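>>> Sequence and predicted structure below; questions after.
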Amino acid sequence: MEKQMYLLVSLFLFIFSISSSLHETEAQNHFRRPAPIMRLVPRSLYDQIFIHKDNNACPAKGFYPYEAFVEATRWFPRFGSVGAMSTRRREVAAFLAQISHETTGGWATAPDGPYAWGLCFKEEVSPQSNYCDASNKEWPCFPGKSYKGRGPIQLSWNYNYGQAGQALGFDGLKNPEIVANNSVIAFKTALWFWMTEQTPKPSCHAVMINRYRPTKADLAANRTVGYGLVTNIINGGLACGIPGDGRVSDRVGYFQRYAQLFKVNTGPNLDCENQRPFS
């Protein structure tokens with residue numbers, strides 16, 4: 001009987017070890033498997049888009065490698081993967097255009113043009129405040145911390161840092177600096193903002209894949225579907241409802257360049273000059 005028990009235990013341990021090994025191998029293979037975004041944005045295209053991100057003139061030199069972008073997209077499998085191929089390319093082009101404006105180092109006569117200098121900065125220069133909304137009790141500011149713009153989307157305000165940290169697994173209120181110190185987390189915060197609906201605002205993702213349905217308030221505010229609405233979501237309070245605003249034009253310029261590189265059209269309603277910002 002003891003011998004039989006010994007054989008059964010040995011057999012169980014053998015099977016368990018094989019199963020564990022298979023699961024480990026499967027996990028390793030999954031980790032090594034190319035991310036879906038790599039088909040839409042191969043390294044060569046990424047380098048063509050961000051020609052000058054590692055220029056000596058850029059404070060973010062070396063902070064936005066292709067690998068970090070790809071790794072961050074693994075957390076958001078619906079990014080660039082919904083709808084027809086043209087829809088997917090247009091969404092990715094729109095995202096890259098918006099983060100390029102937020103981090104731009106370009107100027108009118110810049111080498112290769114003003115829209116070849118995205119991802120030049122990783123944090124806001126000379127912020128006007130610490131971006132603490134003290135009235136927000138759900139995401140209270142931590143003493144001595146600044147919630148200034150950081151990362152590709154220039155994540156700002158304590159409530160955004162708090163929510164992003166909760167969703168992505170870091171303490172955004174106590175350690176907001178990590179967004180400017182960790183490349184993968186930086187890209188994750190940009191994608192989190194892009195993919196997350198924050199009522200009454202729809203997500204940028206929903207807009208670019210044509211899943212947004214305007215409410216009565218949206219229709220009254222002329223918030224029409226298109227890239228201009230994405231600008232409204234990201235920074236409408238400062239940039240929308242203003243005819244000929246240069247910040248909006250810069251976002252559009254980046255998008256037009258990238259849409260051409262992705263071989264898609266931009267779609268309608270590129271600006272938000274006739275839209276009222278979200279309240």
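Alright, I've got the coordinates.

>>> Could you use CA atoms for every contact and neighbour count after this?
OK.

>>> what sits against residue 193?
153, 164, 203 (C-alpha atoms under 8 Å, 6 or more residues apart in numbering).

>>> Over to residue 201?
Residues in contact with residue 201, defined by C-alpha under 8 Å, 6+ apart, are 233, 278.

>>> Can you tell me who it pairs with across the strands?
According to DSSP bridges, the residues that bridge with residue 201 are residue 198.

>>> Look up how far residue 218 lies from it.
Distance of residue 201 to residue 218, given as C-alpha to C-alpha, to the nearest Å: 10 Å.

>>> try residue 98
For residue 98 relative to residue 218 (C-alpha to C-alpha), the value is 22 Å.

>>> Have a look at those two and say which one is more surrounded.
Between residue 98 and residue 218, residue 98 has the larger neighbour count (other C-alpha atoms under 10 Å), namely 26 against 17.

>>> tell me which element that one falls in.
Residue 98 belongs to helix 85-102 when assigned by DSSP states H and E.

>>> Helix or strand next in line after that helix, which one?
helix 158-168.

>>> following the lowest-mean-pLDDT helix or strand in the chain, which helix or strand shows up next?
Ranked by mean pLDDT, DSSP states H and E, the helix or strand of the chain with the weakest confidence is helix 2-32, at a mean of 46. Per DSSP H and E, helix 2-32 leads on to helix 37-40 as the next helix or strand towards the C-terminus.

>>> Which strands or helices does that next one pack on?
Counting contacts by 3 or more C-alpha pairs under 8 Å, 6 or more residues apart in numbering; DSSP states H and E, helix 37-40 packs against helix 66-73.

>>> With just CA atoms, put the helix it packs on into CSV.
Below are the C-alpha coordinates for helix 66-73, written out as CSV (Å, rounded to 0.1, in the frame of the first residue of the first chain):
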residue,chain,number,x,y,z
TYR,A,66,9.3,52.1,-29.8
GLU,A,67,9.4,49.2,-27.4
ALA,A,68,7.7,51.2,-24.6
PHE,A,69,4.9,52.2,-27.0
VAL,A,70,4.4,48.7,-28.1
GLU,A,71,4.4,47.3,-24.5
ALA,A,72,1.9,49.9,-23.4
THR,A,73,-0.6,48.9,-26.1
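
>>> Show me what counts as buried in that helix.
66, 68, 69, 70, 71, 72, 73 (16 or more other C-alpha atoms under 10 Å).

>>> which residues touch that helix?
35, 37, 38, 43, 46, 79, 183, 184, 185, 187, 188, 191.

>>> chain center to that helix: distance?
Computed by C-alpha atoms, centre = their mean, to the nearest Å, the chain-centroid distance of helix 66-73 equals 11 Å.

>>> And stretch 226-245, by the same measure?
18 Å.

>>> ok, and what's touching it?
Counting by C-alpha under 8 Å, 6+ apart, residues outside stretch 226-245 touching it are 94, 98, 201-204, 207-208, 223, 247-248, 251, 266-278.

>>> Restrict those to the buried ones and give me that as a PyMOL selection.
Selecting only the buried entries of the contacts of stretch 226-245 in PyMOL, with 16+ other C-alpha under 10 Å as the criterion:
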select buried, resi 94+98+201+202+203+204+207+208+223+247+248+251+266+270+271+272+273+274+275+276+277+278
